[in-house]
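> sequence unknown, structure follows:
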């Protein structure tokens, strides 16, 4: 299987994590675009026996960190309906008992947020996650534990009188 | 002073979190499981982690069939060209090819695609010169042109050579094609790739060797050049540049030939090179 095709197979995963990091689908697509361009330029650095998804995620996350300080990430969101309240889907409402989990996650420190989102949307091994985020496994464990406890405690506090909507994410 | 062995130390938040991820060593996981049996509140915490992260995952799910941004729209808006929608087309084809084999035909229309692939595979013994009638093809050097008959109508083949010496051919069907505009379709036969699209009542297919992404990028560029007035001749775009390499002569004989496709403004096409 060609390198390009293997990369293509990772697109849904990359887009999902990019959306979780960026929130805005257009910004997420730009991030994936940049990630793919870098991956294609650096394909000689990829070891065929390595985990391509982890390698691509590492590029994606590094690109995200680099872009966070650039003007692109500060541009105005032009996506229609971006930021509009969105009624929570029934399954989420029934099971999550937390109606503003996105806002809580967005409020986490960036390292904790990237870690918990990565585990939530992709669930890689700790080894892969640590490599993607460029931290050691101990730091990853610590960030995940703190992020999850923060989310849990705020959700529980929120459950009594939270606004019953989620932020629109796509 | 109490000295805990690694597996007997008290269960921490980090242990619960790692247990939720199935990332604890077996003995430590057994220790945490025993703890959860005696502390149902902590078991509830783990269930809460799972529920909320499942909700997060669902919120960010991407539909595999969800179309990406239209490259033409992006270009029209003056934004950077996107590579991944083209790659997404490759991915779609990869799905289609699963269990089918290396050669895949996606309707419609197979006759045009077949004719283009077969024409590309032919050893050309006589071609017409193309000094100024070939469509621009991302700055590639035109080396030949010929008309190819088929049961369903004629094709015109324009051959180019890349800077690395590889042969690339653009096929134009002089008839309406049923494919939707703005959609690239990718086919492959062995090491040969074909990208086809439909624009302004004509059907185009770009055929060449090597990576699908490179050919698709070239197809995006050709489509842009076919649908927009030519800009300054000689302008280069490093993002689209093909890999430098030795040039081999694929040659073409003299002769008259088919006119350039309607709407195509012939331009002088400089040789170009650059980084990929």
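Structure's in. What do you need? Here the structure is a predicted model, which means the values were calculated and not measured.
> Could you pull up the mean pLDDT of stretch A:25-41?
For stretch A:25-41, mean pLDDT is 84.
> Do that stretch and chain B come into contact?
Yes: using Cβ under 8 Å from any Cβ of the partner chain, we find that stretch A:25-41 touches chain B at A:29, A:30, A:32, A:33, A:36, A:37, A:40, A:41. C-betas here are computed from N, CA, C, even on glycine.
> Buried ones among these?
Buried members of the residues of stretch A:25-41 next to chain B, scored by 16 or more other Cβ atoms under 10 Å in any protein chain shown, are A:29, A:30, A:32, A:33, A:36, A:37, A:40.
> which one of the residues of stretch A:25-41 next to chain B sits closest to residue B:188?
Checking the residues of stretch A:25-41 next to chain B against residue B:188 with Cβ to Cβ, the nearest one is residue A:40 at 18.5 Å.
> Give the next helix or strand downstream of the one helix or strand that closest one maps to.
Here residue A:40, judged by DSSP states H and E, is contained in helix A:25-41. Per DSSP H and E, the first helix or strand lying C-terminal to helix A:25-41 is helix A:52-68.
> Contacts for that following helix next, please.
Here helix A:52-68 makes contact (Cβ atoms under 8 Å, 6 or more residues apart in numbering or on different chains) with A:6-7, A:10, A:13-14, A:17-18, A:21-22, A:31-32, A:34-35, A:38-39, A:42, A:46, A:73, A:110, A:114, A:118, A:122, A:124, A:128, A:131-134.
> okay, and for the chain, where does confidence drop off?
Defaulting to chain A. For chain A, the stretches flagged by pLDDT under 70 are A:1, A:69-99, A:159-170.
> sorry, should have said chain B
Ranges of chain B meeting pLDDT under 70: B:1-7, B:63-111, B:124-133, B:149-153, B:174-184, B:227-276.
> Show me what the top helix by length along it is packed up against.
In chain B, with assignment by DSSP state H, the single longest helix is helix B:40-59. Helix B:40-59 sits against helix A:90-96, helix A:101-106, helix A:110-121, helix A:137-158, helix B:13-20, helix B:26-38, with contacts defined as 3 or more Cβ pairs under 8 Å, 6 or more residues apart in numbering or on different chains; DSSP states H and E.
> Tell me the buried residues in the last one?
Along helix B:26-38, the positions that meet the burial threshold by neighbour count (16+ other Cβ under 10 Å) are B:28, B:29, B:31, B:32, B:35, B:36.
> Kindly indicate which of the residues you listed lies nearest residue B:137.
residue B:29 (59.7 Å).
> can you give me the strands in the stretch 101-250 of chain B?
Under the criterion DSSP state E, counting those that start in this stretch, strands of the stretch 101-250 of chain B are mapped to B:141-148, B:155-161, B:167-173, B:185-189, B:192-199, B:202-209.
> what's around residue B:193, how many residues?
Other residues lying near residue B:193 total 27 when counted by other Cβ atoms under 10 Å in any protein chain shown.
> Same check on residue A:137?
When neighbours are defined as other Cβ under 10 Å, residue A:137 has 15 of them.
> Just to check, it is in contact with residue A:125?
No: under the criterion of Cβ atoms under 8 Å, residue A:137 makes no contact with residue A:125, lying 9.7 Å away.
> related to what we said a few turns ago, among the contacts of helix A:52-68, which ones are buried?
Buried residues within the contacts of helix A:52-68, counting neighbours by 16+ other Cβ under 10 Å: A:6-7, A:10, A:13-14, A:17-18, A:21-22, A:31-32, A:34-35, A:38-39, A:46, A:114, A:118, A:122, A:124, A:128, A:131-133.
> Which parts of the stretch 101-250 of chain B are helices?
Listed in chain order, the helices found in the stretch 101-250 of chain B under DSSP state H, counting those that start in this stretch are B:110-121, B:212-227.
> Out of the ones you listed, flag the one nearest chain A.
helix B:212-227 (4.3 Å; Cβ to the nearest Cβ).
> quick check, the closest one touching chain A?
Yes: contact of helix B:212-227 with chain A (Cβ under 8 Å from any Cβ) involves B:212, B:213.
> quick one on the thing from earlier: now mean neighbour count too, for the helices of the stretch 101-250 of chain B, in a markdown table please.
What follows is the helices of the stretch 101-250 of chain B, written out as a markdown table (neighbours: other Cβ atoms under 10 Å in any protein chain shown):
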| stretch | mean neighbour count |
| --- | --- |
| helix B:110-121 | 19 |
| helix B:212-227 | 22 |
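> got these as CSV, with distance to residue B:196 columns?
Shown next, in CSV, are those (distance: least, Cβ to Cβ, whole Å):
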stretch, distance to residue B:196
helix B:110-121, 6
helix B:212-227, 8
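> export the strands of the stretch 101-250 of chain B to TSV and tack on distance to residue B:46?
Converted to TSV, the strands of the stretch 101-250 of chain B look like this (distance: least, Cβ to Cβ, whole Å):
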stretch	distance to residue B:46
strand B:141-148	64
strand B:155-161	61
strand B:167-173	57
strand B:185-189	45
strand B:192-199	49
strand B:202-209	53
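> Out of the ones you listed, flag the one nearest residue A:101.
Residue A:101 lies closest, by Cβ to Cβ, to one member of the strands of the stretch 101-250 of chain B: strand B:185-189, at 39.0 Å.
> for stretch A:119-127, how far is the first residue from the last?
Taking Cα to Cα, to the nearest Å, stretch A:119-127 runs 12 Å from one end to the other.
> buried sites along it?
Judged by neighbour count (16+ other Cβ under 10 Å), stretch A:119-127 contains these buried residues: A:119, A:120, A:121, A:122, A:124, A:126.
> Looking at those, which one is closest to residue B:140?
Out of these, the member with the shortest distance to residue B:140 (by Cβ to Cβ) is residue A:122, at 40.0 Å.
> Would you check that residue A:32 makes contact with residue A:15?
Yes: using Cβ under 8 Å, residue A:32 is in contact with residue A:15, at 5.6 Å.
> number of nearby residues for residue A:109?
12.
> and it, how far is that from chain B?
Residue A:109 sits at a distance of 16 Å from chain B (criterion: Cβ to the nearest Cβ, to the nearest Å).
> I'd say residue A:142 and residue B:14 touch.
Yes: Residue A:142 lies in contact with residue B:14 (Cβ under 8 Å); the separation is 6.1 Å.
> Around residue B:197, how many other residues sit close by?
Neighbour tally, residue B:197, other Cβ under 10 Å: 23.
> if I look at it, how far off is residue A:122?
33 Å (Cβ to Cβ, to the nearest Å).
> Adding distance to chain A as columns, could you present the strands of the stretch 101-250 of chain B in a markdown table?
What follows is those, written out as a markdown table (distance: least, Cβ to the nearest Cβ, whole Å):
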| stretch | distance to chain A |
| --- | --- |
| strand B:141-148 | 24 |
| strand B:155-161 | 21 |
| strand B:167-173 | 17 |
| strand B:185-189 | 9 |
| strand B:192-199 | 10 |
| strand B:202-209 | 12 |
